[in-house]
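1. Fold the following and give me the result.
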Amino acid sequence: MNQDKIKELIRENELGTVEFKENFDREAIETVDAFANTKGGVIIIGISDKGKIIGVQVGKETLKNWANQISQSTEPRIMPEIEQVEIEGKNVIIIHIKEFPIKPVSVKGKCFRRIRNSNRLMTPQEIAEMHNYSTGTSWDAFPTIDKTIEDIDLEKVEKYIKEANATGRRKIEETPQEVLEKLELVKDRKATWAAILLFGKEPQKPLLQAAAHCGRFRMDKTQIIDDLMIEADLISQVDEVMKFIGRNISVRYEFEGKPKRKEVWDYPLEALREAVINAIVHRDYAAPSNVQIEIYDDKIEIWNPGRLLPGITIEDLYKKEHKSVIRNKLIAQVFYDIGYIEKYGSGTIKIIELCKRHGIPPPDFREITGGFSIIFRKDIYNEEYLRNLGLNERQIKAVMYVKEKNSINLSSFKTIVPEVSEKTLYRDLQELVGKGILKELGEKKGRRYKLL
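-> Okay, here's the model as predicted:
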């Protein structure tokens, strides 16, 4: 590996796939584990965390000893590829780690995963979930403890059969009982978790957390305007949540010379529905929390328990091409059959496009408090509103840029107003942070700004 390749890896460090270490130590082995449990990566020994080449002293057996330390510390054992490269007259060591096929890998009994540029210790629940995912197992396919086919509402199954046949995605001629067995929703008359959640007579027994909690608030949660706990099967939950949203957001009517007036809602209803489906289908049902829909004056937040599964990141959700990683395979299949899911892996892109078409900012995808959130914001940031806040023209351009591109940094701001110094532009951005319009993410070269 030459110097040009090293510099390329330094640039890739922003993606969290490269780690710089001045020396080989315990943290380096933990990074090996984190990379193996995520998407793989490269550790470069002999470079400071700021990317400065300082070199490292190695002997004849050093690389072999490091490889042995990694192998003996990890379970299953990882055999890394290690090479020595001379850059600017100094030795640096490159450790290549591939994503391990069967996860998680542990180091001294602990499991780590890579979150952006840091290693995070995994919880027991995350460890179990990662193991299920890497072995192709789905939690919702496990039989319940004491539920049988008698606990399933066959009329709900018949409705599913009609809707699946109507979409043309599955041709079903069997009886409801035969369908349940064919789809492996029932095994030896024992109902799986998916069967109870989708078609159960009492879907919330014993999973009380398998509900959707909806709330309408003012600017904070101390002022509650409307509140509803939706306890129903998962398919019905989608429709009930959308009814709650519909009565708690505003709609105006536009006349375009046609007999029928056009409804214009605060948010694109199709995007909200997609987000609700995403939350209900992909949540972690083993976690003791409900799906939560919170409606405020200026935003809607849809939160579900369970972080993103291994193999996909927040950044991936904004890409037009990203793989689909499914937590509840049987539930997702039923939703796909009846047309609630169009194409695996396309939901977030559809949401983004619908928001852009509606004229509101792209949604904010976040992993917070042990779960995943999609935050929709009203388009209150129009030019008139921003001028009334006392913003200058440069700052207004910056906010408009963030609305379209989702974020801005100093270099992209410079392309909008090239005649202004970076010092002035930096001050403009900091003032927007101070006014509570933008939030600052990252540090130094990786610093960027998004709508708060």
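2. Wait, Ala191 touches Glu181, no?
-> No - the criterion here is C-beta atoms under 8 Å, and Ala191 misses it with Glu181 at 11.0 Å. Where C-beta positions appear, they are placed from N, C-alpha and C, glycine not excepted.
3. Between those two, point out the one with more neighbours.
-> In terms of neighbours (other C-beta atoms under 10 Å), Ala191 is the more surrounded of Ala191 and Glu181; the figures are 23 against 16.
4. where does the nearest residue to the more buried one once chain neighbours are set aside land in three-state SS?
-> The spatial neighbour of Ala191 that comes closest, neighbours along the chain excluded (C-beta to C-beta, 6 or more residues apart in numbering), is Lys147 at 4.2 Å. Following DSSP: H, G, I helix; E, B strand; the rest coil, we place Lys147 in the strand state.
5. Kindly report the same for the one 3 residues further on.
-> Using three-state DSSP, the three-state assignment for Glu150 comes out as helix.
6. burial measure for it, as a count.
-> 9.
7. doesn't Ala271 fall inside a strand?
-> No - looking at Ala271 with three-state DSSP, it is helix, so not inside a strand.
8. isn't Thr348 right next to Tyr318, touching?
-> Yes - checked against C-beta under 8 Å, the pair Thr348 and Tyr318 is within contact range at 7.3 Å.
9. anything in contact with each of the two?
-> Phe365 (C-beta atoms under 8 Å, 6 or more residues apart in numbering).
10. Compare neighbour counts for those two and give me the winner.
-> Thr348 (22 against 16).
11. Now do the contacts for the more buried one.
-> Applying C-beta under 8 Å, 6+ apart, we find Thr348 in contact with Asn278, Leu317, Tyr318, Phe365.
12. Leu425 reaches Asn392, doesn't it?
-> No - if you go by C-beta under 8 Å, Leu425 and Asn392 don't touch, sitting 11.2 Å apart.
13. Looking at the two, which one has more neighbours?
-> Using other C-beta under 10 Å, the more surrounded residue of Leu425 and Asn392 is Leu425, with 20 against 12.
14. Quick check: which ranges of this protein have low pLDDT?
-> Low-confidence segments of the chain (pLDDT under 70): 1-15, 219, 256-259, 321-322.
15. tell me the residue furthest from the middle of it?
-> Lys60 (44.8 Å; C-alpha atoms, centre = their mean).
16. and it, how far is that from Gln84?
-> Distance of Lys60 to Gln84, given as C-beta to C-beta, to the nearest Å: 11 Å.
17. between those two, what contacts are shared?
-> With C-beta under 8 Å, 6+ apart, Lys60 and Gln84 have no common neighbours.
18. residue boundaries of the strands in the stretch 101-250 of the chain?
-> 106-107, 110-115, 118-121, 143-148, 186-187, 190-192, 212-217, 224-230 (DSSP state E, counting those that start in this stretch).
19. In CSV: the ones you listed, plus distance to Lys205.
-> Formatted as CSV, the strands of the stretch 101-250 of the chain follow (distance: least, C-beta to C-beta, whole Å):
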stretch, distance to Lys205
strand 106-107, 36
strand 110-115, 33
strand 118-121, 34
strand 143-148, 9
strand 186-187, 17
strand 190-192, 12
strand 212-217, 16
strand 224-230, 15
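20. out of the ones you listed, which comes closest to Gly46?
-> Between Gly46 and these, the tightest spacing by C-beta to C-beta is seen for strand 118-121, at 19.7 Å.
21. rewinding a little: and the two most separated of the contacts of Thr348?
-> For the contacts of Thr348, the farthest-apart pair by C-beta to C-beta is Asn278 and Tyr318; their separation is 14.6 Å.
22. Surely Lys423 forms part of a helix?
-> Yes - Lys423: assigned to a helix according to three-state DSSP.
23. The residue nearest to Ala191 against Lys201, yeah?
-> No - between Lys147 and Lys201 there is no contact under C-beta under 8 Å: 9.6 Å.
24. Looking at these two, which one has more neighbours?
-> Applying other C-beta under 10 Å to Lys147 and Lys201 shows that Lys147 carries more neighbours, namely 21 against 15.
25. which residues touch Leu389?
-> Neighbour list for Leu389: Lys435, Ile437 [criterion: C-beta under 8 Å, 6+ apart].
26. i'd like the first residue to be 3 from this point on
-> Got it, the first residue is 3 from now on, which makes the last one we talked about Leu391.
27. where's it relative to Asp381, distance?
-> In terms of C-beta to C-beta, Leu391 sits 15 Å off from Asp381.
28. swap in Val44?
-> In this view, Val44 and Asp381 are 42 Å apart by C-beta to C-beta.
29. And for His360?
-> 8 Å.
30. For the closest residue to Arg389 other than its chain neighbours, I want the exact helix or strand it lies within.
-> Leaving out its chain neighbours, the residue that sits closest to Arg389 by C-beta to C-beta, 6+ apart is Ile398, at 6.9 Å. Following DSSP states H and E, one finds Ile398 within helix 395-407.
31. Mind giving me the packing neighbours of that helix?
-> Helix 395-407 sits against helix 385-390, helix 412-418, helix 424-436, strand 440-443, strand 450-453, with contacts defined as 3 or more C-beta pairs under 8 Å, 6 or more residues apart in numbering; DSSP states H and E.
32. by how many degrees do that helix and helix 424-436 diverge?
-> In terms of direction (axes from the mean of the first three to the mean of the last three C-alpha atoms, to 10 degrees), helix 395-407 departs from helix 424-436 by 70 degrees.
33. tell me how far helix 395-407 is from the chain's mean position?
-> Distance, stretch centre to chain centre, for helix 395-407: 25 Å (C-alpha atoms, centre = their mean, to the nearest Å).
34. Please identify the buried residues of it?
-> Arg396, Gln397, Ile398, Lys399, Ala400, Val401, Met402, Tyr403, Val404, Lys405 (16 or more other C-beta atoms under 10 Å).
35. Put together JSON lines for the contacts of Thr350, with secondary structure on each row.
-> Supplementary listing: the contacts of Thr350 in JSON lines, determined by three-state DSSP:
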{"residue": "Asn280", "secondary structure": "helix"}
{"residue": "Leu319", "secondary structure": "helix"}
{"residue": "Tyr320", "secondary structure": "helix"}
{"residue": "Phe367", "secondary structure": "strand"}
